[in-house]
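S.K.: no sequence for this one, just the structure:
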């Protein structure tokens, strides 16, 4: 597993689509290039929306950690 | 006597104030509304005003015609709310004490951030003056590329940009300009509407009408000199006329009072409408962060739980009434066609087609009357 330090963590649990993805986009705007962001989401739509957006926006989806009642998306800002 | 103060007199604030005075005995409590504006506008009409020279006065009423005379209306602005002292500093230099406060401050258009609406070919339709400017631009439009894009979500009335696009398509066909015009709809998400099922329907209409859809377009800036809109994702799209939905944020009083989230929206419990981590404070309508449409309809349906909870609290009981997120959304698909969506927190939208012209005409005509005669007055 890659070693990384989370610079920003966004807790979007309980928020429905598109809430979690828009939270991630806000954090991407705020983060510095190279920083890691953690997004917590319990919304199923996030599983398709976030990877698709990251592909288009050319940022890295480092990993998705499946937890008991939510997922944790680790994202690296690339540019 | 208890002071129940409603801050903000748009649809949500006026209708809640009107309902409260019906429920409260006047000797027990007085309802005070703080709102500097003297008029109330029927905002669902905004989407049409760019196209038609409809007399706007038909859709604007003075506040004193829709607000109950039993509400004490303060024609001033709330500057700062001190939730510990339970006071509100007003622009007229007074300080008002409250026992309970209902925040209904709405969403503010963040025009300054975009800093481009002074251009002749950059528009929106979320404020009265903007619709007049857009009307002039569309009247003089002779063909080219029209781009429609929300800067971000959430924004008031989720289907409004798509509705505008449908009506624009029809308008251009009526003017024989459609074959000279490319319409591009750029959206922050991977589909043209937040909810997937509604999105499919909208995409179907886009395909049938030759409207181009661009996914994952999150507004970054406008290059006014080269007439390009640029996204966070790195795309640059040319336009001749740009309809850019402004970013929305919370009202200044919410931000100044430290009651908002990063965008200035009030964190509220989606079921009870109580403001989180605050006592004696409720929030309703576009000012909240609750996950429903920012629309008058949503505020209307949420108001019943809010009022019941407030009355329970006044009686020293727990505010246990829950709003289930029920609302309706009227999606215009052309000048004379529409869909009606019905949904709540748990269930995705159910579509009810209003494609029968007579039914649609009756519904549309009656809705404005219902809005001014019943909904805002708190009769329903």
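M.R.: Good, I have the coordinates. Just so it is clear, the structure is predicted and the values come from calculations on it, not from any experiment.
S.K.: for residue A:49, what are its contacts?
M.R.: Residues in contact with residue A:49, defined by C-beta atoms under 8 Å, 6 or more residues apart in numbering or on different chains, are A:17-18, A:20-21, B:189-190. Every C-beta, even on glycine, is put in place using the N, C-alpha and C of the backbone.
S.K.: Average pLDDT for stretch B:108-118, rounded please.
M.R.: Mean pLDDT, computed over stretch B:108-118, is 94.
S.K.: That should have said stretch B:291-300, apologies.
M.R.: Here the average pLDDT along stretch B:291-300 is 90.
S.K.: Then stretch B:259-266?
M.R.: 92.
S.K.: Does that stretch reach chain A?
M.R.: Yes: counting by C-beta under 8 Å from any C-beta of the partner chain, chain A is contacted by stretch B:259-266 at residue B:262.
S.K.: ok, what's across the strand from the residue lying closest to residue B:128 once chain neighbours are set aside?
M.R.: Excluding the flanking residues, the one nearest residue B:128 by C-beta to C-beta, 6 or more residues apart in numbering or on different chains is residue B:41, at 6.4 Å. Residue B:41 has the following beta-bridge partners by DSSP bridges: residue B:60.
S.K.: ok so, going back, compare the contacts of residue A:49 and tell me which is most surrounded.
M.R.: residue A:21 (30 neighbours; other C-beta atoms under 10 Å in any protein chain shown).
S.K.: Pull the contacting residues for that one.
M.R.: By C-beta under 8 Å, 6+ apart, the neighbours of residue A:21 are A:46, A:49-50, A:53, B:189.
S.K.: Recalculate using a threshold of 7 Å.
M.R.: A:46, A:49-50, A:53 (C-beta atoms under 7 Å, 6 or more residues apart in numbering or on different chains).
S.K.: ok, and for the helix or strand where it lies, which residues are buried?
M.R.: Using DSSP states H and E, residue A:21 sits in helix A:19-30. Using 16 or more other C-beta atoms under 10 Å in any protein chain shown as the test for burial, helix A:19-30 gives A:19-28.
S.K.: my guess is the residue nearest to residue B:128 meets residue B:59, correct?
M.R.: Yes: if you go by C-beta atoms under 7 Å, residue B:41 and residue B:59 touch, sitting 6.4 Å apart.
S.K.: Do a quick rundown of the helices in the chain.
M.R.: Picked chain A for this. All helices of chain A, identified by DSSP state H, fall at A:19-30, A:46-57.
S.K.: try chain B instead
M.R.: Under DSSP H, chain B gives helices at B:11-23, B:46-49, B:63-66, B:111-114, B:128-140, B:160-174, B:196-209, B:252-256, B:296-314, B:357-370.
S.K.: Find the nearest non-adjacent residue to the residue most central in space within chain B, please.
M.R.: Nearest to the geometric centre of chain B sits residue B:156, at 3.4 Å (C-alpha atoms, centre = their mean). Nearest residue to residue B:156 in three dimensions, chain neighbours excluded: residue B:294, at 4.5 Å (C-beta to C-beta, 6+ apart).
S.K.: What distance do you get for that neighbour to chain A?
M.R.: Between residue B:294 and chain A the distance is 13 Å, computed by C-beta to the nearest C-beta, to the nearest Å.
S.K.: now residue B:328
M.R.: 18 Å.
S.K.: What residues does that residue make contact with?
M.R.: B:297, B:340-342.
S.K.: what does chain B have sitting close to chain A?
M.R.: Residues of chain B lying close to chain A (C-beta under 7 Å from any C-beta of the partner chain) are B:152-153, B:189-190, B:194, B:216, B:218, B:232-233, B:291.
S.K.: If we use 6 Å, what do you get?
M.R.: Applying C-beta under 6 Å from any C-beta of the partner chain, we find that chain B lies next to chain A at B:153, B:189-190, B:194, B:216, B:218, B:233, B:291.
S.K.: most neighbours, which of those residues?
M.R.: Most surrounded of the residues of chain B next to chain A: other C-beta under 10 Å gives residue B:218, at 26 neighbours.
S.K.: Identify the residues contacting it.
M.R.: A:25, B:188, B:231-232 (C-beta atoms under 6 Å, 6 or more residues apart in numbering or on different chains).
S.K.: What's the local residue count around the closest residue in space to residue B:269 that isn't next to it in sequence?
M.R.: Distances taken as C-beta to C-beta, 6+ apart place residue B:276 nearest to residue B:269, at 6.1 Å, with adjacent residues excluded. Each residue near residue B:276 was counted by other C-beta under 10 Å, and the total is 14.
S.K.: my read: residue B:10 touches residue B:106, true?
M.R.: Yes: counting by C-beta atoms under 6 Å, residue B:106 is a contact partner of residue B:10 at 4.9 Å.
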